[in-house]
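Asks: build me a structure from this.
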Amino acid sequence: DLCMRNFKRVVLFLAVVIAYEMLFSFLLEPVTYQHFLETELKADEAAGVLPDMVVIGNSSVEMAFVPSVLEEGIGDVSCVLNAGTGSQKIWGTYYYLKDLLRQYDIKYVVVGIDYSAFFGENSKNIKKDLLVLDRIHSFDIRVEYIKNHFEKKEYIYLLKSYRYRGGVGSIAENVRKKLDESYREGVDSREGTYYQERGYVHSTERGEFHTGIYDAYEIHVDQASGKVRKYLDKIVELCREEKVELYLVTLPTSF
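Replies: Residues are numbered from 1 along each chain as shown. This is a model prediction of the structure:
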């Protein structure tokens with residue numbers, strides 16, 4: 001009947017959209033650290049190894065905490081996950097951590113605090129927020145993150161085929177790298193800056209950081225971003241509810 005035909009058309013349309021998205025995501029999306037991390041975590045899970053400690057924050061966390069070093073140095077920790085991502089905001093940290101605490105039986109959480117985020121920096125970078133969103137597995141947490149931090153006009157960026165539409169010229173290089181055996185096995189064969197282990201990114205590159213020289217000045221708590229303070233409080237409360245031991249740390253710059 002008519003209803004059944006319409007239903008079949010809708011199903012066919014959705015199948016075509018999903019196939020289109022999968023194909024063009026593969027072609028356009030560059031190699032990501034997420035691929036290597038998820039490949040390693042799946043292998044660990046198959047071997048019965050699950051994270052019991054998480055370090056999380058922006059690139060200063062991603063490029064500073066070596067999981068194997070922490071595992072060797074902390075007696076009651078067997079598997080450390082580095083959940084750092086470039087320019088990760090504190091609200092992204094909250095939702096990503098919320099998802100990880102649902103997936104794993106975590107004992108310790110270390111959150112990297114970037115003080116510049118508390119004072120005068122309340123902006124968002126949608127591509128950096130999407131890096132975090134892509135890593136969240138729980139559907140309801142993804143929906144909550146999108147609802148609270150993405151404008152409706154930004155929903156189109158949830159499609160990787162649209163998000164990376166400017167990378168047409170890199171298709172051949174992307175495909176070459178993704179078809180390489182090392183990529184499929186979860187080994188990052190790039191040089192300079194590359195994925196090393198459980199989320200940790202190793203770098204031998206050097207950059208310049210033009211900070212200038214400033215006179216000493218006082219910082220008052222009431223000058224801090226209300227949004228950033230709100231999500232730091234939510235992280236503390238989340239860890240309290242989950243009975244997780246929380247540490248807040250500040251790290252040197254990456255380069």
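
Asks: lowest-confidence helix or strand of the protein?
Replies: For the chain, counting by mean pLDDT, DSSP states H and E, helix 2-28 ranks last in confidence among helices and strands (a mean of 82).

Asks: what segments of the stretch 101-250 of the chain are strands?
Replies: Using DSSP state E, counting those that start in this stretch, the strands assigned to the stretch 101-250 of the chain run over residues 108-112, 193-197, 200-203, 245-249.

Asks: determine which of those approaches residue 66 most closely.
Replies: Among the strands of the stretch 101-250 of the chain, strand 200-203 comes nearest to residue 66, with 5.3 Å by CB to CB. In this view, the C-beta of every residue, glycine as well, is placed from N, C-alpha and C.

Asks: ok, residues contacting that closest one?
Replies: By CB atoms under 8 Å, 6 or more residues apart in numbering, the residues outside strand 200-203 that reach it are 33, 59, 62-63, 65-67, 82, 84, 192-196, 254-255.

Asks: contact partners for residue 133?
Replies: Neighbouring residues of residue 133 by CB under 8 Å, 6+ apart: 92, 95, 142, 145-146, 158.

Asks: what's the ChimeraX syntax to select whichever of those residues are buried?
Replies: Of the contacts of residue 133, the buried ones go into a single ChimeraX selection, burial set by 16 or more other CB atoms under 10 Å:
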select :92,95,142,145,146
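
Asks: between the contacts of residue 133, which sits nearest residue 245?
Replies: Set against residue 245, the nearest of the contacts of residue 133 by CB to CB is residue 95 (20.4 Å).

Asks: give me the nearest residue to the closest one, chain neighbours excluded.
Replies: The shortest distance from residue 95 to any non-neighbouring residue, by CB to CB, 6 or more residues apart in numbering, is to residue 145 (4.4 Å).

Asks: list the contacts for that neighbour?
Replies: So, once contact is read as CB under 8 Å, 6+ apart, residue 145 ends up touching 92, 95, 132-133, 136.

Asks: which members of those define the maximum pairwise distance?
Replies: 92 and 136 (9.2 Å).

Asks: which regions of the stretch 51-200 of the chain sit below the pLDDT cut-off?
Replies: Segments of the stretch 51-200 of the chain classed as low confidence (criterion: pLDDT under 70) are 120-124.

Asks: what's in contact with the helix or strand hosting residue 43?
Replies: Secondary-structure element containing residue 43, defined by DSSP states H and E: helix 33-46. Identification of contacts with helix 33-46 by CB under 8 Å, 6+ apart yields 50-51, 62, 79, 81, 85, 131, 134-135, 183, 185-188, 195, 197-199, 201.

Asks: of those, keep whichever come out buried.
Replies: Burial by neighbour count, 16+ other CB under 10 Å: within these this picks out 51, 62, 79, 81, 85, 131, 135, 183, 186, 188, 195, 197-199, 201.

Asks: what is the least confident helix or strand of the chain packed up against?
Replies: Helices and strands in packing contact with helix 2-28 are listed as helix 160-163, helix 171-178; criterion 3 or more CB pairs under 8 Å, 6 or more residues apart in numbering; DSSP states H and E.

Asks: got the buried residues for the shortest one?
Replies: Across helix 160-163, burial judged by 16+ other CB under 10 Å covers 160-161, 163.

Asks: skip the chain neighbours and tell me the closest residue to residue 219.
Replies: With sequence-adjacent residues excluded and distances taken as CB to CB, 6+ apart, residue 219 is closest to residue 119, at 6.4 Å.

Asks: residues near the one you found, how many?
Replies: 14 (other CB atoms under 10 Å).

Asks: distance of it relative to residue 149?
Replies: Residue 119 sits 20 Å away from residue 149, going by CB to CB, to the nearest Å.
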